[in-house]
Each structure stands twice: as C-alpha cells, then as structure tokens.
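Peer 1: with the sequence up front, the predicted model follows.
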Amino acid sequence: MAENLFKLLIDSSTDCKIKNITLIIFKIIIDGKNEYYLYKSLEVSDTTGKNLCNLLEKTLLEDKISFSNLVGICTDGAANLIGTYNSLKAHFRTIKPSIFHFTCICHRLHLMFKDALSNIEKYFYQTTQDLASKFSMSYKATNELKELQGYLQEDEIKLLKPSKTRWLSIHTCLDRIGRMYNVVLTFFKKEKSDLYYKLQEPEFLYMLEFSLLYFQKIHEVNKKFQSGTISVTELYTEMILMLKFFVAPFINEGIKNPTDAFYLYLDFNNQALIKSDFKCFESITNELSFNKYATSNIVERLSKKFKDDVISFLQVIVRSIQKILKCEDQQNLTDQYKRSQLIHEVSYLSPFNSNNLQSKSIELLATRFSEYHQEDSSDLQYEFKCSQFDRDPGKYPKLMKLRLVISTLEISNASIERAF
C-alpha cells in the first residue's frame, strides 16, 4: 500500500441486530490487473460525512497508509457520502482536493430504470408475482411443473418473484416467463384459470416482448459495469451506445449520420427531428415479433391503450442517460462523467500503446491532470509527444503515472455490494 495508488469503495448496511456496518474495499492495480481487497469492516453509530471521514483518516493513519496514494472514492450516491457541503466527499476534499469521486453507475442505472418502470409495470407486475406465487406456495404444483418440463424437454428452471431492491430483478423474472412460456401455458391449460387467459392476452404478450427487448439492453450494460473488468475509459462509449438504442424509435428517417452531440442534446419537442407518438409506437412494434401475427386492429387497440406509457418509459430512460453524460442530474454531482468523456477521448487502452492517444486529447487531459494532481502539464505533453516516436513507455514516468491513475479509477460499487 505504501507504493501503490489505490481507490476506496465504501458502503454501509444494517445487520440483523440493527447495527450499521460500513465496509471499506481497496482497489489496487498490481502487475496491470485490478485487485480488490476487503480492508475493514467497521461498526459505525454516526454515519455523517464528517464522522466517516475522521474515522477513515484515523484508520488509514493507524495502518500507516498515506493519503497521498489515494486516487479517489466510489460510493452508492447516498446524501451523507456525496452531498456538496457536509458529506464524506466534501470532507475528503479538504484533506486532498485532487480526489476523484464517482457515484456507482450501477446504482444510477437502477434508479433510472426504477423511475421509468413506474410507467409500464402495471401491465405485467401483478401477473409476474401471481405466477411465481402459484409455484412457490405449492409443492404439488412445483413437482407437476418439473415433470412437464421434463416431458417437453425444457430446461428445469423456476419462476422468480420481482424484488424492489435487487438491481433490475424484474428483467430476470420476465426473462424466465419468456423462456418458460410454453411450459407454463400448458400447465395452466388444464385448469383454465385466470392466469391461463391472462398469459394469452395481446396486451400481456406485447408488453412481455417489449420489456424483454428494452430491459435486456439496460441489463447487459449493468452487468458489464458490475463485472469489475470494464474501465472508466469505456463508460462514455457504453452509455452513448445505450442512448442511441433508446433514441432510435423516436428519430425521423430523414436524419442521416447523427453525431454523439445530436443524441446528447436531442429535444423531444422538436417536431422536425422527432416522429409523432403513433409513428414512434409503430417503429417500436415493428421491432417485435408480436407484429408478425397481430392484426392491424389489435395494434391500433394496443396503441390507444398504452402508447403513451411506452413512450414515457423510453423518454425517461433517454433523459436520464443524457443527464448522466451531461452532469445535469438532480443531485448536481461533480463533473466526473465529463471527466470520463475526456478520458474516453484519450482512447486509453491496456496494454499501453501510445499510438492510441491523440495529441489534442492528451493536452486536454494533461490540463485536467495538472489541475487535480499539481503536476506540470507541459511535462506530460512533452512525454506524450516523445512517446510517439519511441515504443518504450518505461521512459515516460509521468505518462505512466497518468495511465495508472486512470486504471485505478472505479465506476461501480458492485464489488462491495457482493461483499455484503
């Protein structure tokens, strides 16, 4: 720890005895690989930002770990951790102004999804719960379902209940229904219960397929960010790709080769760029296999019933991603995502290859690096220019330090969530 740069991942939870437990994990780069170490598990009675900062400072000093090697912190975005004036982040910056702070992108995606989901969950949430409850509360029904899966040569998997706290759990639940649809429909056919007819309603089938298509995209990106293998340099690219995916149904066909800025600043009130609500709904429906067997009358009926809710769901997702990338979220966080975009422009890759760096981008990043780490940015720029003609990165210590700082930054608190 005396020689390595590190980043702190911090999170708290309450145990069964109603005690607040705070976990601290170190992220360190060793031999070019991300290493995570559980540093401390502390029982904390006062979780204010000031007390947490004092506690961490005292703990690090007792273990002779220098603050000079601390690159930044990653938290879940709680007010006591990221507030402007009296948070852990604010107090840390009085000790070390150059510290980088990231709010866990997985938490941000979950909150974004939860907000958007409120527009459409009424169409499938209760059915999802009823299906899971039918089998979780009946040993006989569970065994019959297993026998049916074996007979139909289907995978032996279970239906799941959605959880409000587990990240994107509703996607996993709906995915199970999609994979087990024929088995479940066959099971309820003999009963002729309400669920049998509910599963065949066009409204449910449409929303099931719509959800699986659009929820899957968020789920895939979230899993990448949880993995710990993705770096801060990939954050901007992944978020822009997701933004383009959700914006696609809205854009008029006449728009050719839109830039990233077009997506970032797209205004849904601009009728020259955006389709009408009905045409947007048609575009979404055309992406679904549901469209192949649904009559025009059914599509028109569904459009009248939940067109507005479907479009609202997508708009909430789009606006949330735009805010994340433009740093306009409601908590007015620091410019970490602008910084990540800047780092993305450098196209930093591992293993180190200076040919991946553009001189204009390195000058911008060098200025930012100088601001936060009190380094002479001209030295860094000089090293970069020299490295264009020399393949030995070991000759350029400041450039290598910059690379190490970027590598140490963390965008997700998922590893500490798993520790709980």
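Peer 2: Thanks, I have the structure now.
Peer 1: can you show me the helices along the stretch 51-200 of the chain?
Peer 2: 79-82, 88-95, 105-117, 125-136, 139-151, 169-179, 181-189, 194-198 (DSSP state H, counting those that start in this stretch).
Peer 1: may I see the buried residues of the shortest one?
Peer 2: By neighbour count, with 16 or more other CB atoms under 10 Å as the criterion, the buried positions of helix 79-82 are 80-82. (C-beta placed from N, C-alpha, C; glycine too.)
Peer 1: now render those residues as TSV, adding pLDDT and distance to Ile28.
Peer 2: Formatted as TSV, the buried residues of helix 79-82 follow (pLDDT from 0 to 100; distance: CB to CB, whole Å):
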residue	pLDDT	distance to Ile28
Asn80	84	26
Leu81	83	21
Ile82	81	23
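Peer 1: rewinding a little: from the helices of the stretch 51-200 of the chain, which stretch is densest packed?
Peer 2: helix 105-117 (a mean of 20; mean count of other CB atoms under 10 Å).
Peer 1: mind giving me the packing neighbours of it?
Peer 2: Here helix 105-117 touches helix 202-226, helix 296-326, going by 3 or more CB pairs under 8 Å, 6 or more residues apart in numbering; DSSP states H and E.
Peer 1: make JSON lines out of those and add mean neighbour count.
Peer 2: Converted to JSON lines, the helices and strands packed on helix 105-117 look like this (neighbours: other CB atoms under 10 Å):
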{"stretch": "helix 202-226", "mean neighbour count": "19"}
{"stretch": "helix 296-326", "mean neighbour count": "17"}
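Peer 1: so which of those comes closest to Ile25?
Peer 2: Closest to Ile25 of the helices and strands packed on helix 105-117, according to CB to CB: helix 202-226, at 14.2 Å.
Peer 1: before we move on, the earlier item: so which of the helices of the stretch 51-200 of the chain gets nearest Glu62?
Peer 2: Between the helices of the stretch 51-200 of the chain, helix 88-95 lies closest to Glu62; by CB to CB that is 15.7 Å.
Peer 1: give me the residues contacting the closest one.
Peer 2: 10, 49-50, 52-54, 56-57, 67, 73, 75, 80-84, 99, 101, 334 (CB atoms under 8 Å, 6 or more residues apart in numbering).
Peer 1: spatially central residue in this protein, please.
Peer 2: Cys106 (3.4 Å; CA atoms, centre = their mean).
Peer 1: surely it is in contact with Phe225?
Peer 2: Yes. Cys106 lies in contact with Phe225 (CB atoms under 8 Å); the separation is 5.2 Å.
Peer 1: need the residues touching each of the two.
Peer 2: Joint contacts of Cys106 and Phe225 (CB under 8 Å, 6+ apart) are 412, 414.
Peer 1: much appreciated, bye for now.
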